[in-house]
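S.K.: Structure of the sequence below:
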Amino acid sequence: MESPLDEPELIHQPKLLLLQMAKLQSSAELLNLAVTRLAESRRVALARIWLLKPGDICAACRMRPECPDQSRCLHLVASAGHSATDPGVTFDGLQGAFRRFPLGVRKVGRIAATGEAIEVSDLAVQPDWIVEPQWIRAEGIQGFSGQPLVSRGEVLGVLAVFSRDPIGERNIQWLRMIADHAATALANARAWEEVTALRRQLAMENEYLREEVHAAESFGDMVGQSVALDAIKGQIAMVASTDATVLIQGESGTGKELIARELHQRSGRASRPLIKVNCAAIPRELFDSEFFGHVRGSFSGAVRDRVGRFELADGGTLFLDEIGEVPLDLQSKLLRVLQEGEVQRVGEERARKVNVRVIAATNRDLKHESLSGRFRSDLFYRLSVFPVTLPPLRHRKEDIPLLAEHFLGQLTRRLGRTVRRLTVGNMQQLKRYDWPGNVRELQHVLERAIITSTDGRLVFELEEPASGRPDAPSTAAEAPAPILTATQLRALEADNLRRALREARGRIYGAGGAAALVGLKPTTFASRMKSLGVTAEARA
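M.R.: I've put the predicted structure just below:
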């Protein structure tokens, strides 16, 4: 009887194989190395590794009738071997009848289900194990060893070796060691790949989010207590926790991006990125690359792989700002991604699954645009599952004081300036104005006033009320304003001071005083009274 020491070596330099496996960080390279090295010996006809994965080809799988639930099965991921009858034939392919094994079915499936090895030193004495006797006879197969790949108590897959000689105890021990090392190295490789993928994703998100930090800080939280704003908050509360597509409509500057951020922060995707795309700023020739990404060499200038915005937003939210600016002939590409949840990089054949919640915004009437044929109606209905319409600032003027105080605090900190608090006169001036640029214009007016302030007093440069309203009627036949003489201007200013005095009941100083109403210092107001001949008796 042959002793273990005299047993022919099935694996060439098994210790070297263990060392090589420990150094690899790619799971695919690790598995291919194991089966390739095992198949170097002419005594090994076939070495294969299957890994446990979700079921994917159940409809076409020949073993489906034997599969218990079609949820998980063994996937063939590495194979190596050579034919004894035809030296030019190899067994390296991953297709064929045994590319999938249900759990618990046949010897390979049983190993995965139980976590226990199955070793047959001589198949000649166990013919009931042979599924394809013709192949066994042709290749002279005598021994089989099936080892579970187990890491931390979890079965990851199965290593199977078909030998042309009986497999003795010494070689079985080496195969057990190789399986154990392969399982540990596979778990480490998977962890490394996951860390690398997360690091790459985090780097991409950080690069993008750095560009968005200023925009994120500029609006801050939702500020206001008007009935109109309360209605918007109610809509956000209803839809934020869902994955429904939201279409935000409103004039420029009303805070559509702020609403998108609130929806994202209140959703289950808050821990993932909110990626913003300004559709109006993307050239049509770069549309595919920006949205879906590209691979290196796919077109002139593509010097490296680029991840598209849909992939960047995977697991999070994609905010499509100015969606109405997407050219009509490119809208079908957006619609396809929204319907199928797949993107395909430029120059790449395979499609990538993405899980993205889409929020779109526009200052156009998309329903009217779709009826006019300038926007695809199917895309409009796909986007407007839950429409939110933001009112312009002129329709919620009761929010102006809160917004002004909020922006004043933000801007003074950012600009490093010290200014006085907003006066009653300041507030009345801000509320009289119609704000055609909405909240954004209010912020810019305050910023300009802080920058130009020389003595801590804020002076706002605003046009006459309603002069810039988007819905204000204008005609070419309007008569030009008359040119006033210096005397007329002085009389107009004097009359304005008298009206301020009457409004303030003769008081110049303090909140609500005449000086505050016209936006002047009390001392300056008194000096103007004297120079214009407005007497103290005119105060009553």
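
S.K.: Could you give the average pLDDT over stretch 157-174?
M.R.: Averaged across stretch 157-174, the pLDDT comes to 87.

S.K.: per-residue pLDDT, the spatially most central residue of the chain?
M.R.: Geometric centre of the chain, nearest residue: Ala313, 1.5 Å, by C-alpha atoms, centre = their mean. pLDDT, Ala313: 91.

S.K.: how far away is the residue nearest to Pro327 when sequence neighbours are not counted from Lys333?
M.R.: Using C-beta to C-beta, 6 or more residues apart in numbering and skipping residues adjacent in sequence, the residue nearest Pro327 is Arg284, 5.6 Å away. C-beta coordinates here come from the backbone N, C-alpha and C atoms, glycine included. Distance from Arg284 to Lys333, counting by C-beta to C-beta, to the nearest Å: 11 Å.

S.K.: Can you pull out the low-pLDDT segments for the stretch 1-150 of the chain?
M.R.: Residue ranges of the stretch 1-150 of the chain with pLDDT under 70: 1-8, 122-130.

S.K.: Confirm Ile49 sits in a strand?
M.R.: Yes: counting by DSSP: H, G, I helix; E, B strand; the rest coil, Ile49 falls inside a strand.

S.K.: Give the closest residue to it in space, chain neighbours not counted.
M.R.: Nearest to Ile49 is Ala78, by C-beta to C-beta, 6+ apart, at 4.4 Å.

S.K.: Need the three-state assignment for Phe287.
M.R.: On the basis of three-state DSSP, Phe287 is classed as helix.

S.K.: wait, what's in contact with it?
M.R.: Counting by C-beta atoms under 8 Å, 6 or more residues apart in numbering, Phe287 touches 326-327, 330, 333.

S.K.: ok, now Arg357?
M.R.: With the criterion set at C-beta under 8 Å, 6+ apart, Arg357 makes contact with 243, 245, 264, 267, 269, 316-318.

S.K.: mind checking pLDDT for it?
M.R.: So, for Arg357, pLDDT stands at 95.

S.K.: returning to what we had before: thought the residue nearest to Pro327 was touching Leu328?
M.R.: No: assessed by C-beta atoms under 8 Å, Arg284 is found out of contact with Leu328, at 10.8 Å.

S.K.: if I look at the residue nearest to the centre of the chain, how far off is Phe292?
M.R.: Counting by C-beta to C-beta, the gap from Ala313 to Phe292 is 12 Å.

S.K.: go on, Ser527?
M.R.: Ser527 is 67 Å from Phe292, by C-beta to C-beta.

S.K.: Look at those two and report which has more neighbours.
M.R.: Set side by side, Ser527 and Phe292 show more neighbours around Phe292, with 25 against 12, by other C-beta atoms under 10 Å.

S.K.: Can you pull the phi and psi angles for that one?
M.R.: Backbone torsions of Phe292, given as degrees, to the nearest 10, read phi -110, psi -10.

S.K.: Next: Leu247.
M.R.: phi -110, psi 120.

S.K.: Could you check how far it is from Ser300?
M.R.: 36 Å.

S.K.: Out of these two, name the residue with the larger neighbour count.
M.R.: Using other C-beta under 10 Å, the more surrounded residue of Leu247 and Ser300 is Leu247, with 23 against 6.

S.K.: If we ignore the residues flanking it in sequence, what's nearest that one?
M.R.: Of all residues not flanking Leu247 in the chain, Ser384 sits nearest, at 4.2 Å (C-beta to C-beta, 6+ apart).

S.K.: Cross-check the contact I'm expecting between the one you found and Leu366.
M.R.: Yes: Ser384 lies in contact with Leu366 (C-beta under 8 Å); the separation is 7.1 Å.

S.K.: Common neighbours of these two, please.
M.R.: Leu247.
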